[in-house]
Each structure stands twice: as C-alpha cells, then as structure tokens.
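Trainee: everything below, folded, please.
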Amino acid sequence: MKDRFKLRLKLRLSAGCIISFLSLIPWVSANSLEEQRTTFQAARLALQENQVEAARLFMAELRGYPLAAWLEAQLLTADFEQSSDTALVSFMSNHPHSVMSDSLAARLAARLAGRGQWAALLTLIPENPEQLTTQCYRAEALIHTGSVKQGLEQAQALWQTTKKDLPNDCSSLLWQLKNHKQLASSDYWRRIQDLMGNKRVNAARQLAVYLTEEDQQFFDLWLTVRSAPTKKLPELFSQPDSAQVRAIIVDTIKQIADDKLQTALPLWAQAQTSFKFTKAEQGEVESRLGMWEAWRHDEAGLQRLKQITVTDRSPEGNAWLARLAMRSQDWPALLEAASALDTVEGSDDEWDTWRYWQARALEQLKKTKEAHALYAGLAKNSTYYGFLAADRIQQDYARLTDPPPDRTQRIQGLQKLAVYQRWQEWNALGERGQARKEWFRLLQAMDKEGVLAAAELALREGDANLAIWTVSRVKDWNSVDLRFPLLYEQIVMDQARSQGIRPEWILGIMRRESAFDAKAESSAKALGLMQLMPGTARDISRQMGMQVLAKEDILQPDLNVKLGSTYLRDMLKRFSGNYAQATAAYNAGPGRIPKWAPPQNLAADQWVESIPFEETRKYVRAVMAYTTVYDHKLNQDQHLRLSMRLQPIPAK
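Mentor: Numbering: from 1, shown residues only. Alright, predicted model coming up:
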C-alpha cells in the first residue's frame, strides 16, 4: 500500500516539487529491491514527461540497482546535446557489448561526423560497431584520416553485402566510393538489378542517383514497367536491343511468373523474337519458369529445367529440378542438380539436404561406396537427414546418449555479469522484450562455448524457449540436452493416452510450433504451445462439447495441448496413420495434402522434400526429427527409427 501511494505521489510531482518532497520524506530512499523498482518506474515516467532533473533525482536513489545503467543511458540520450563526449565514452567503456552502448555510439558517431572530427571518431567509437550507421561513419572516418584503402574496402563491403537498405546517414560514404572512382555506373546498375530482382525498389532508387544520365533513363523506364508489368512490358519490345533493356525484360518476366505463370510464358516467347538474350539471361528466366512449373509438380518443369546447362541454371532452378526429379525417379537429373547445389553458398541445413539427395541418387545408380561415404558424414548429426542417413547405413543415431558437458565454470562467470543481472530484473518487471534485447546482444560478443553455457543458464532459470533460441545462434544442432528439454510431460502423456496418439509426436509438434513458450502468439494470431488458430480451437472445442471463447482460455497449457492433440488425432485418422501427411496437414491445412499426392506410391522422404511450400517442407522435416529425439528421451532403447515412422505416400 505504501509503495503504491509513494509511486502515485512521485508521478504527480513536478520537477520542482520533487526536490522539496525528497527532502521532507525520509522513507523515500530506495533501500529494498521493491522500493528500488518503484523508484525506477517513477524515473522512467519522469523521462517520458521530459522531466530530466526529476529523473536524475530518482536515479540517485538507485545505486546498486541492476537497471540503473539502463536509466543512465536514457538520461544521456534525453539530454544528449548537453552530454559530453567524455561522459558518453565513459559509459560505453563501462558497458561494452550492450544495447545501451550501441545506441549511444551511433549518436556520438553522428555528432563527431557532423563536426568533421574524424580522428576523434576513430578514437572514441569502438571497432566493429553493431549498428550500420556507426559502421558507415567509421569507414568514412578512415578515408578522411588517411587510411583511404581500408576505408574504401569497408565501404564496398557494406555496399555489397548488407541485407538491409543502408540508412540515409550512409549516403556520404557512398559518395566517397564514387569520388574515389571505386564504382562505375555499370557497378551501380548491377547492384540495382540485384535489388530490383529482390523487390527492394526503394533501395534501388537510392542508388539510381549515381548512374549516368543514360542509365537513369533506363531505370526510370524500369520503374514505369514495374508499375504495370503485364501491360507495359510489350511496349518495351520495340526498343533497340541493349543490356539494360534486356535486364528490365528478364526481371519483369520473372516478376510476372511469380504471380501468373501462364501470362509470363507467351510474353517470354514474344520477347525472344525481338531480342538476342545471352545464355545467362535465358537461363535466369527459364529457371524461374521451370521452378514454377516444378512447384506445381508439372512434368513440363522437369524438361524445361533439364534443358538449361548446369552453369546457367539458377540455384532455385537446381533445387526444383532436384525435387521434381526425385518425385519422378529421375536419378541422373537428381544427382546433377543436387551436386550443383552442394557447391552453392548456403546454410548447413541446405548442404545436408543436398548431400543426402546426392547419396540417395548415387545409391539408386549403384554407386554404393560413394553413397555410403556421404551417408556416414551426415549420420554424425542429430538432424532429420542425419537420422535418415544413419537408417540407410544401419548405424546408431549420433549424440542422443552423449552426457552433457560440464559448463559450471562458464555459467558462474555469466552470472557475475551486469547484463545477466539486468536480464533477471527486466524479467522480474515482466518486460520480456527488454530482457531479450539485453540477452541476445550479449551473445554476439561470445564464443560458441559461451553461448552454449548461456543456453544452459537460461534452461536452469526456467526459460526453455530462450535456451532453444540461444543454441540456434550458433547452430549447434547436436546439443540435444539444450535443444530438447522435456516439458509439460504429464499434460502430454495424459492427452496422448486420451487421444490414442504418440506423446513424442505431440512434443515434436509443440517444440516446433512454440519452442515451449506457453504465451506464444504468432503474427497470424496462432496461440500457445501448439499454436492454435482461435477459429480452429473453437471448432474443436465445440466438437468436444466445450465452449472456448477467450484468448486467455486457448493460452492455458492444459487446454491448448488438449485441443491441439485432438486436432492431431483427427489429422492422423484422416490420412490413414501417415505421420508425414498428418504433420503437413497440421501446418498447411488438410485440404492441400491430396493436391500434393504423387501419381504413384512414393517414398516419404521423396514426398516431403517435394512439398511445394518451403515452410511446410521444413516444418515436416523438423517435426519428424524432433519426434525422433523425444521418442528416444521417453523410450530409450525402445524408440522407433525415423524411417519406420515415415511410411510411403500412397498414389492419388
């Protein structure tokens, strides 16, 4: 009662009144943790009301409080014009690798750049800053202080590799590239082609100012065609043949194909009568057209993609050639496409995928030794394709019985860090978003073993979801102890018995859907552990003679698992006990599954990899792998092999 009264009083005071109030009320000093929390919230509200001096007075009461540093950063930001460079640098030095310092570093870099204090910028701003804006300022500072080559190299790296649009504050750095003749109009044009192909039109507009006048006219023409592609594209066919016009046509045909394949096909045929496209340009368009035909499981896509030379076929074209070839049992075509994809830069998951399919093709082509070598490499991992590879060569599953390493020393070191204490306090205040910002920024400064220790610490603190996401940062898929906690076991076992389905499957679905976050709410409004859409949850509840109306009801773990398990049972029954199809139905909806049925009976691994939707394809692979892990946790030596769970897919 006293704390609530005190908070109300504090928040009603003007800055002047607070001074006299604090001098008269002795109990306002924040000694206990609860009093500190009350004072901290008062300081935050004072800042929101622009009462900086009042916030400073509250902060004086917060010595030793975990979030005092966060409040100090907010004060420096609120009074930035009056904050000295020394004060800002002192704060950043005391709190390295933190969200707070990242923000202040960006503002300080902008201030120093605005003054032309480039040498000071290099001295005061840490190397390898987190924010793009700060990286741009550091690169420009190198150029201005004589390290021209190093600065230009950093500038080019930012320009070429960033996956985000560069902030406006980076524009002067881009001018440095042009002024030092590092980039010609043709370089900008190639970059614009890439951006337009990825539908990043605004980023392309930013670069267009660096083009020659002639190329700017071509870019304006591109924007005109982009505004109404189907209508405007034929108007281009009367233009003289040039690399720029062909680039616009190639991009536009691909964009049209993404929405209306049948419209794109005759337009492409017409374009080829008017322009002499290079083999690379032809391969780019034919790959996109063939991809969409293959996506529809149309055999025409197989033939189109096979006609493109492997060097001119795009990675997406190779991927869809491989998928349609495996579905059609065309093992030579599968081997060619999968081998090409093995050399393309990608994630570990993508490499494992295509190495497995190389092995499957080699096995079918009687090249057993080469296939076995690939399987053996894959079988070292506790992943979907690792388990399938182990099944092919009849090996035990790797890493499922490994004892977890002793991370005690690293964990104790983490617990001493101020950022860990801030994370704890944000969680205590119910501000999970702030807590996670602190946590994930810390991980960026840690080695792999440190990140795994952080994951175990999160698990010990009862945040399994955070532990799972933490491991994902270093992609250590073999840390089974951290990635697959056994939670909600009694609820799951009860529902498995009630619905007549396997508990490990429920856990596998839950692990994929929410990573055990009972409060999870997706952008599509799916809720809870099993990510139920409200409409689906209400339909199931009505079928069970229950009434579920409120979001809060659906989020309850016991009810969420009950409804989700009932839906899983229905899907398994609908698809005759086929786990791969039932899992796909849980993700994509049951109506789509018959459309993906093969013309003849098909091995489940071939069917799963040829699912048109990338999300569903990855979802089924993940759930089947997770189910295998949880089967081992629940049943030890009695667990099923993954290949035994993946029954063949019946023909249409």
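
Trainee: how many neighbours does Tyr385 have?
Mentor: Using other C-beta atoms under 10 Å, Tyr385 has 25 neighbouring residues. C-beta here means a position set from N, CA and C on the backbone, and glycine is covered the same way.

Trainee: and it, what element?
Mentor: Per DSSP states H and E: Tyr385 is located in helix 384-392.

Trainee: contacts only, for Pro404.
Mentor: With contact taken as C-beta atoms under 8 Å, 6 or more residues apart in numbering, Pro404 is in contact with 456, 481-482.

Trainee: just the ones of those in helices?
Mentor: Secondary structure defined by DSSP state H assigns 456, 481-482 of the contacts of Pro404 to helices.

Trainee: what's the closest of the residues you listed to Ser522?
Mentor: Ser522 has its nearest neighbour among the ones in helices among the contacts of Pro404 in Leu482, at 23.6 Å by C-beta to C-beta.

Trainee: from Gly151, how far out is the closest one?
Mentor: 41 Å (C-beta to C-beta, to the nearest Å).

Trainee: list the contacts of stretch 440-456.
Mentor: Contacts of stretch 440-456 (C-beta under 8 Å, 6+ apart): 96-99, 102, 130, 404, 407, 410-411, 413-414, 417, 419-420, 439, 466-468, 470-471, 473-474, 476, 479, 481-482.

Trainee: now do 7 Å
Mentor: 97-99, 407, 410-411, 414, 419, 467, 470-471, 473-474, 476, 479, 482 (C-beta atoms under 7 Å, 6 or more residues apart in numbering).

Trainee: repeat that for stretch 265-281.
Mentor: So stretch 265-281 is in contact with 233, 237, 241, 246, 249-250, 253, 256, 285, 289, 312, going by C-beta under 7 Å, 6+ apart.

Trainee: the same query, at a cut-off of 10 Å, please.
Mentor: Stretch 265-281 has contacts (C-beta atoms under 10 Å, 6 or more residues apart in numbering) with 229-230, 233-234, 236-243, 245-247, 249-250, 252-254, 256-257, 260, 282-286, 288-289, 292-293, 300, 308-309, 311-312, 314.

Trainee: same thing with stretch 408-419?
Mentor: Against stretch 408-419 from outside (C-beta under 10 Å, 6+ apart): 66-69, 94-100, 407, 420-421, 423-424, 438-439, 441-442, 445-447, 449-454, 456-458, 460-461.

Trainee: tell me which of those fall in helices.
Mentor: Under the assignment DSSP H, those contribute 68-69, 94, 99-100, 420-421, 423-424, 438-439, 441-442, 449-454, 456-458, 460 to helices.

Trainee: now which of those would you call buried?
Mentor: 68-69, 99-100, 420-421, 423, 438-439, 441-442, 450-454, 456-458 (16 or more other C-beta atoms under 10 Å).

Trainee: just to revisit the earlier point, looking at the ones in helices among the contacts of Pro404, which is nearest Gln531?
Mentor: Leu482 (21.9 Å).

Trainee: where's that closest one relative to Asn465, distance?
Mentor: 12 Å.

Trainee: try Asp402
Mentor: Using C-beta to C-beta, Asp402 is found at 23 Å from Asn465.

Trainee: got it, and Glu489?
Mentor: Taking C-beta to C-beta, one finds Glu489 at 16 Å from Asn465.

Trainee: quick one: which of these two has more around it?
Mentor: Asn465 (21 against 13).

Trainee: and the angle for the host helix or strand of that one with helix 448-460?
Mentor: Asn465 is part of helix 464-472 when elements are defined by DSSP H and E. Counting by axes from the mean of the first three to the mean of the last three C-alpha atoms, to 10 degrees, helix 464-472 points 170 degrees away from the direction of helix 448-460.
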